[in-house]
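Undergrad: based on what follows, work out the 3D shape:
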Amino acid sequence: MAAPNVTVADHPLIQHKLTLLRRVETSTAAFRQLLREIALLLAFEATRDLALKQVRIETPLEAMEAPVLDGKKLCLVSILRAGNGLLEGMLDLIPAARVGHIGMYRDHDTLEAVEYYLKLPHSIGERQVIVVDPMLATGNSAAAAVSRLKEAGARRIKFVALVAAPEGIEAFATAHPDVPILTAAIDRQLSDIGYILPGLGDAGDRLYGTK
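TA: Have a look, this model is predicted:
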């Protein structure tokens, strides 16, 4: 059951590429490329409501009023390490975005998030922030990352995941009911060890060819 602040990006290209990502036989190189392509498409969905302003420009034929992005540049925050797979694709679409990193790992015994790194752009409170992590599983890492961003002053935050579990959505929405979630799929459930089922395995391992 999805929370009211969850949007599933059901574009046919996103769904097709996600199916290719899920396949166990998909190589590391193909996984990396597909994730980058999906990230670009998710970035398009996540930035639909960016503010615009009108500026005066000259075309080759005449002057006109035309829209450009308003305010400070967007901030993309990657939850390390797998978040970088989404980050790179989003930067293809938004190359001027500022970038932050939050290092989180999940304790395999408690499934709780442990922070080990934080580096954010200045004036984050004046920026639209999009947090990226391929898997919203237990929701603990995502919720902890957003809490740290709020502590740093961020006020406008979205969370983008490739695949989400109902348990993770519920936990995240309980912790941060004000933060919208965008995902390409809501899968069935979590396994006993906190993996999304049917999922696609460990996104970081598949992205970087590690075990």
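Undergrad: distance of Leu182 from Glu65?
TA: Using CB to CB, to the nearest Å, we find Leu182 at a distance of 31 Å from Glu65. Quick note: C-beta positions are derived from backbone N, CA and C, even for glycine.
Undergrad: neighbour-wise, which of those two wins?
TA: Neighbours per residue, other CB atoms under 10 Å: of Leu182 and Glu65, the larger number sits with Leu182, 21 against 9.
Undergrad: was I right about the more buried one contacting Ile157?
TA: No - with contacts counted by CB atoms under 8 Å, Leu182 stays clear of Ile157, the gap being 11.8 Å.
Undergrad: now do the same end-to-end measure for stretch 101-116.
TA: By CA to CA, to the nearest Å, the extent of stretch 101-116 from end to end equals 11 Å.
Undergrad: centre of the chain to stretch 62-78, how far?
TA: In this view, stretch 62-78 has its centroid 20 Å away from the chain centroid, taken as CA atoms, centre = their mean, to the nearest Å.
Undergrad: again but with stretch 103-120, I slipped
TA: Counting by CA atoms, centre = their mean, stretch 103-120 is centred 17 Å from the centre of its parent chain.
Undergrad: could you point out the longest helix of the chain?
TA: helix 28-46 (DSSP state H).
Undergrad: which residues does that one contact?
TA: The contact list for helix 28-46, computed with CB atoms under 8 Å, 6 or more residues apart in numbering, reads 7, 9, 11, 13-14, 17-18, 20-21, 26, 85-90, 92-94, 130, 132, 134, 158, 160, 162, 182, 184, 203, 206-209.
Undergrad: need the buried ones from those selected in PyMOL.
TA: Paste this into PyMOL to select the buried members of those, with burial taken from 16 or more other CB atoms under 10 Å:
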select buried, resi 9+14+17+18+20+21+26+85+86+87+88+89+90+94+130+132+134+158+160+162+182+184+203+206+207
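Undergrad: taking the contacts of helix 28-46 one by one, which sit in helices?
TA: Of the positions in the contacts of helix 28-46, 13-14, 17-18, 20-21, 85-90, 92-93, 203, 206-208 sit in helices, assigned by DSSP H.
Undergrad: pLDDT weak spots in the protein?
TA: The chain contains residues with pLDDT under 70 at 1-3, 111.
Undergrad: ok, Val146 - contacts?
TA: Contact partners of Val146, counting by CB under 8 Å, 6+ apart, are Val131, Ile157, Phe159, Phe172, Ala175, His176, Val179.
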